[in-house]
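A.B. asks: Kindly generate the corresponding structure for this input.
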Amino acid sequence: MKTAPDFTLHDQFGVTHSLSDYKGKWVLIYFYPKDNTPGCTKEACGFRDGIERFKEEGIVVFGISKDTVESHKAFADKYRLPFSLLSDPHGKMVRAYGAHSVFGVRRISFLVGPDQTIKKEYLAIDVVAHAQQILRDKQLLQQKKVVQN
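C.D. replies: Have a look, this model is predicted:
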């Protein structure tokens, strides 16, 4: 398993988060192109609607895009998003995770285990079903079943 690249980024409240601060926890890192766009809004709202299950499963959710902290704050406030949206304005983490494209940020996600290794990579995402897929996969991973990409 590949170790997840560490990051230190600010969320919509200006709070600094580093992946290394979450060692021992499951972490979902989802990259998305832009705040307030249709696909990104559907995906974020899916995580919002399933947040209680994510908490029950012990999964910390981070959304990352190149948008500013201020843009993230407006987006999170508008849609009542109860998780951190991290600002990567220079795209350092976008590049480190391979989420960059000629058009900006690709929609990809990583489920990181308590040992900070990437347990599952999501390259093809259905924005409506993504949250539920992650919850299913985490349970399968904990049961030591192989999850096919």
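
A.B. asks: What's the mean pLDDT across stretch 5-13?
C.D. replies: Stretch 5-13 shows a mean pLDDT of 97.

A.B. asks: Identify all contacting residues around it.
C.D. replies: 16-20, 64, 69, 72-73, 75-76, 84-88, 92-93, 96-97, 116 (Cβ atoms under 8 Å, 6 or more residues apart in numbering). For the C-beta atoms, the positions are set from N, CA and C on the backbone; glycine is no exception.

A.B. asks: ditto for stretch 67-78
C.D. replies: 10-14, 34-36, 44, 65, 81, 85-87, 89.

A.B. asks: between these, which is closest to I125?
C.D. replies: Closest approach to I125 among the contacts of stretch 67-78 (Cβ to Cβ): A44, at 12.3 Å.

A.B. asks: which residue sits closest to the closest one in space, ignoring its chain neighbours?
C.D. replies: Spatially, and ignoring its direct neighbours in sequence, A44 is nearest to L81 (5.6 Å; Cβ to Cβ, 6 or more residues apart in numbering).

A.B. asks: hang on, isn't the one you found packed against G50?
C.D. replies: No. Using Cβ atoms under 8 Å, L81 is not in contact with G50; the gap is 12.0 Å.

A.B. asks: sorry, back to before: neighbours around the residue nearest to A44, how many?
C.D. replies: The burial count assigned to L81 is 20, neighbours taken as other Cβ atoms under 10 Å.

A.B. asks: Helix, strand or coil: sort out it for me.
C.D. replies: coil (DSSP: H, G, I helix; E, B strand; the rest coil).

A.B. asks: Give me the phi and psi for it.
C.D. replies: Main-chain dihedrals, L81, degrees, to the nearest 10: phi -80, psi 120.

A.B. asks: dump the residue contacts of it.
C.D. replies: Neighbour list for L81: 44-45, 47-48, 63, 75 [criterion: Cβ under 8 Å, 6+ apart].
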